[in-house]
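Visitor: would you be able to build a 3D model of this:
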Amino acid sequence: MTQSKKILVVEDETHLAKGLKFNLEREGYEVLVAENGEAALQCMGEQTFDLMILDLMLPKMGGIEVAKKIRESNTRFPILMLSAKSTEEDRAAGLEVGADDYMAKPFHLPELLLRVKGILRRWDWYKEPVQDQETFHFGEMWINFGTGKARGCSKEFFLTVKEALVMKLLISKKGQVVTREELLDKVWGFGPETETRTVDNFIARLRKYFEKKPQKPKHIVTVREKGYQFNPES
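Guide: Next comes the predicted model:
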């Protein structure tokens, strides 16, 4: 049973907030509830949390705005969004502002608890330093996994949460093949039956950052019918 993780539930529907708090506490988490967006940001400023479960349709300040405010100062903090909005566009908008996961209401409680566990597991894994160092250098480029800031071929920028997780996994296994299924499991928490095109799209984006010629990659190479391999030397 997880004992020490602290979760902030941001939900204005009282019965739903109480239900989430009750069930999360049964799993061993410490839970605090905020009833609107402004209260959520105040809690974040006063206390330390391991995860936020964030409703989108909130009084005073909406969930999207709350997520944007958090990402201005913390690009890594795990956020699971909940919303009655269930279209692909709604989901994409939530993930675009930095949510780690998105669930539509009504949701299946066991699935939500599994996703919470998965996000926290990935967060623990991400916080482990690469080769005992927070910043990994390769050539003239580097990635600081603590801040998400990176230096690519031409400039400095910030990686998204998922981009940083993909690079973390590839670099931690440099010289080895990492399968698409392993990337999906570690970074997205999806099963191997999930569409692997998601991984390919992220790899294409990362090559634009870190490869002088993305069509002929030297660092993030494709291993045919297997997956990807990171090579620090070009």
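Visitor: and the residue nearest to the spatial centre of the chain, how far from Gly63?
Guide: The chain has Asp100 as the residue nearest its centroid, 3.7 Å off, counting by C-alpha atoms, centre = their mean. To Gly63, Asp100 is 14 Å away according to C-beta to C-beta, to the nearest Å. C-beta coordinates here come from the backbone N, C-alpha and C atoms, glycine included.
Visitor: once you drop chain neighbours, what's closest to Gly146?
Guide: Spatially, and ignoring its direct neighbours in sequence, Gly146 is nearest to Glu134 (4.4 Å; C-beta to C-beta, 6 or more residues apart in numbering).
Visitor: quick one: mean pLDDT for the top helix by length along the chain?
Guide: Ranked by residue count, the top helix of the chain under DSSP state H comes out as helix 109-127. Helix 109-127 carries an average pLDDT of 87.
Visitor: got the contact list for that helix?
Guide: Contacts of helix 109-127 from elsewhere in the structure, counted by C-beta atoms under 8 Å, 6 or more residues apart in numbering, are 2, 5, 7, 20, 23-24, 27, 29, 50-51, 53, 76, 78, 80, 100-101, 103, 145, 164-165, 168, 186-187, 189.
Visitor: could you export that helix as PDB, CA atoms only?
Guide: The C-alpha coordinates for helix 109-127 follow below in PDB (Å, rounded to 0.1, in the frame of the first residue of the first chain):
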ATOM      1  CA  LEU A 109     -13.000   4.200 -10.500                       C
ATOM      2  CA  PRO A 110     -10.600   1.200 -10.700                       C
ATOM      3  CA  GLU A 111      -9.200   2.600 -14.000                       C
ATOM      4  CA  LEU A 112      -8.700   6.000 -12.400                       C
ATOM      5  CA  LEU A 113      -6.800   4.400  -9.400                       C
ATOM      6  CA  LEU A 114      -4.600   2.500 -11.900                       C
ATOM      7  CA  ARG A 115      -3.800   5.600 -13.800                       C
ATOM      8  CA  VAL A 116      -2.900   7.500 -10.600                       C
ATOM      9  CA  LYS A 117      -0.600   4.600  -9.600                       C
ATOM     10  CA  GLY A 118       0.900   4.600 -13.100                       C
ATOM     11  CA  ILE A 119       1.600   8.400 -13.100                       C
ATOM     12  CA  LEU A 120       3.200   8.200  -9.700                       C
ATOM     13  CA  ARG A 121       5.300   5.200 -10.700                       C
ATOM     14  CA  ARG A 122       6.500   7.100 -13.800                       C
ATOM     15  CA  TRP A 123       7.200  10.200 -11.800                       C
ATOM     16  CA  ASP A 124       9.400   8.200  -9.300                       C
ATOM     17  CA  TRP A 125      11.200   6.600 -12.200                       C
ATOM     18  CA  TYR A 126      11.700  10.000 -13.900                       C
ATOM     19  CA  LYS A 127      13.200  11.500 -10.700                       C
END
